[in-house]
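Undergrad: one predicted model, sequence on top.
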Amino acid sequence: MLTRRARATGAVAGLTRRALATGAVAGLALAAALVVPGGPAGADPVAECPPGQGNCDVWEHLPGEPGDDDGGSGSGDGGGSGGGDRVCEKDDGTVVPCYDNVLGWFNSADDCYYKRAEPQPTDVEPGKTAYLRTCSAAGSSDLVFLTDPPAGFAPPDPEQMALDLFANLTLDLPEIRTAPSGAPGLVGVPVWLYDASSWEPERRTDVEGGVTVWIEAIPTKIVWRMGNGETLECTSAGIPFKAGVHDPRQPPREACAYPGYPRASSTKQGGRYEITAVKHWTVPWGSSTGEGDQDALSTSRDATTSIQIDELQVVTR
């Protein structure tokens, strides 16, 4: 179950993957730098290599290379390297990237690259994972089945990637429409409620280190707080009232309508009822690794308006 460590509000919109990295991602140590003879001045004297490897150096990136603040990995389009500034070394001294977008992660034990096969073959034995292994300069690959990931294989944590997407998810506020609008309503007469904001699902995707993660914000309901202690829950946006088409006193089934205020709003502050619309979304997530959760996350946003309700005046003779 995905831990609810962040909510999709402005307060968390500034969260970044570097601030949230945990689990498998922690081993990447993207910010570390190793001082080697002749290496860049001012580098950090400590570096961490991918799991199981001891012959990698973290060099400062060049302008425009993956790792730049304005062009690094995690952009959502798969353009980054996902391996930060880390480089690895073959047995013959050749320096190669520890991660390649096409080939995957470098294993110094055999000078080969490994990438998780997507999709996994149907004949994979239980407990094993299929990897594409590339050892030749020509780029030809063979399929291998391993119980444990090869040395150097350090993909990011899909759960954390999903949380990062969720933390930066921006959803529109409800756009409240009421009928009556622009004129007072009457006690006992239905109030039509409509949300003009989008009710289409919103999908976000990120690609990093050979792992693709997506989240999808799906509107599920809107709760209307009518300002008099009563609420109305609707599972759709409702429909806007159209004069000459609809009878204001008989809303159709697809409308989201409050049956009517039992009392006038004259006793309320400002002489109006404050209406609050709280829109809810569920946010399932999934990944190319097969990890995901259909019920992991949820969020809501709210907006307010007000309405004046008058007593029905009865004229007697």
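TA: Thanks, I have it. Residues are numbered from 1 along each chain as shown.
Undergrad: tell me the helix or strand right after the helix or strand where Arg203 lies.
TA: Counting by DSSP states H and E, the element that carries Arg203 is strand 202-208. Following strand 202-208 in sequence order, the next helix or strand is strand 211-225 (DSSP H and E).
Undergrad: what's the average pLDDT for that following strand?
TA: Strand 211-225 shows a mean pLDDT of 97.
Undergrad: returning to that earlier point: partner strands of the strand holding Arg203, with direction?
TA: Partner strands for strand 202-208, per DSSP bridges, with pairing direction: strand 211-225 (antiparallel).
Undergrad: tell me the gap between the next helix or strand after the strand it pairs with and the middle of its chain.
TA: Secondary structure here is assigned by DSSP H and E; on that basis, the next helix or strand after strand 211-225 toward the C-terminus is strand 231-234. Relative to its parent chain, strand 231-234 has a centroid offset of 27 Å by CA atoms, centre = their mean, to the nearest Å.
Undergrad: list the helices and strands strand 231-234 packs on?
TA: Helices and strands in packing contact with strand 231-234 are listed as strand 211-225, strand 256-258; criterion 3 or more CB pairs under 8 Å, 6 or more residues apart in numbering; DSSP states H and E. All C-beta atoms are positioned from the backbone trio N, CA, C, and that covers glycine.
Undergrad: any weak-confidence spans in the stretch 1-150 of the chain?
TA: Scanning the stretch 1-150 of the chain for pLDDT under 70 picks out the ranges 1-85.
Undergrad: rerun at 50
TA: With pLDDT under 50 as the threshold, the stretch 1-150 of the chain has low-confidence stretches at 1-47, 58-84.
Undergrad: now the helices: where do they sit in this protein?
TA: Along the chain, the segments classed as helices by DSSP state H run 17-20, 158-167.
Undergrad: could those be laid out in TSV, adding mean neighbour count?
TA: TSV is the format used below for those (neighbours: other CB atoms under 10 Å):
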stretch	mean neighbour count
helix 17-20	15
helix 158-167	25
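Undergrad: any chance of a markdown table for these, columns distance to Ala151?
TA: Converted to a markdown table, those look like this (distance: least, CB to CB, whole Å):
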| stretch | distance to Ala151 |
| --- | --- |
| helix 17-20 | 24 |
| helix 158-167 | 21 |
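Undergrad: which of these sits closest to Ile176?
TA: helix 158-167 (25.5 Å; CB to CB).
Undergrad: which residues touch Arg133?
TA: With contacts defined as CB atoms under 8 Å, 6 or more residues apart in numbering, Arg133 is in contact with 112-114, 141-144.
Undergrad: show me which of those are buried.
TA: Neighbour counting with 16 or more other CB atoms under 10 Å marks 112-114, 141 as buried within these.
Undergrad: would you reformat those as JSON lines and include distance to Ala162?
TA: Supplementary listing: these in JSON lines, determined by distance: CB to CB, whole Å:
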{"residue": "Cys112", "distance to Ala162": "30"}
{"residue": "Tyr113", "distance to Ala162": "26"}
{"residue": "Tyr114", "distance to Ala162": "24"}
{"residue": "Ser141", "distance to Ala162": "29"}
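Undergrad: now Glu233: closest residue in space that isn't a chain neighbour?
TA: In this structure, Glu233 finds its nearest non-sequential neighbour in Val223, 5.1 Å apart by CB to CB, 6 or more residues apart in numbering.
Undergrad: could you give the bridge partners of the one you found?
TA: Glu233, Val278.
Undergrad: related to what we said a few turns ago, and the contacts of Arg133, which is closest to Gly227?
TA: Distances from Gly227 to the contacts of Arg133, taken by CB to CB, are shortest for Tyr114, at 60.6 Å.
Undergrad: what about that closest one, distance to Gly210?
TA: 10 Å (CB to CB, to the nearest Å).
Undergrad: look at Glu208 and say how many residues are nearby.
TA: Burial measure for Glu208: 26 neighbouring residues, criterion other CB atoms under 10 Å.
Undergrad: so it makes contact with Pro158?
TA: No. The pair Glu208 and Pro158 fails to qualify as a contact (CB atoms under 8 Å) at a distance of 9.6 Å.
Undergrad: can you pull the residues that touch both of Tyr114 and Gly210?
TA: Counting by CB under 8 Å, 6+ apart, the common neighbours of Tyr114 and Gly210 are 104-105.
Undergrad: quick one on the thing from earlier: and the helices of the chain, which one averages the lowest pLDDT?
TA: Of all those, helix 17-20 has the smallest average pLDDT, which comes to a mean of 34.
Undergrad: burial of the nearest residue to Ala117 once chain neighbours are set aside, as a residue count?
TA: With CB to CB, 6+ apart as the measure, Ala130 is the residue that lies nearest to Ala117, at 4.1 Å, once sequence neighbours are left out. Neighbourhood size, Ala130 [other CB under 10 Å]: 17.
Undergrad: would you agree Ala130 is in contact with Ser141?
TA: No. In terms of CB under 8 Å, Ala130 does not count as a neighbour of Ser141; the distance is 11.4 Å.
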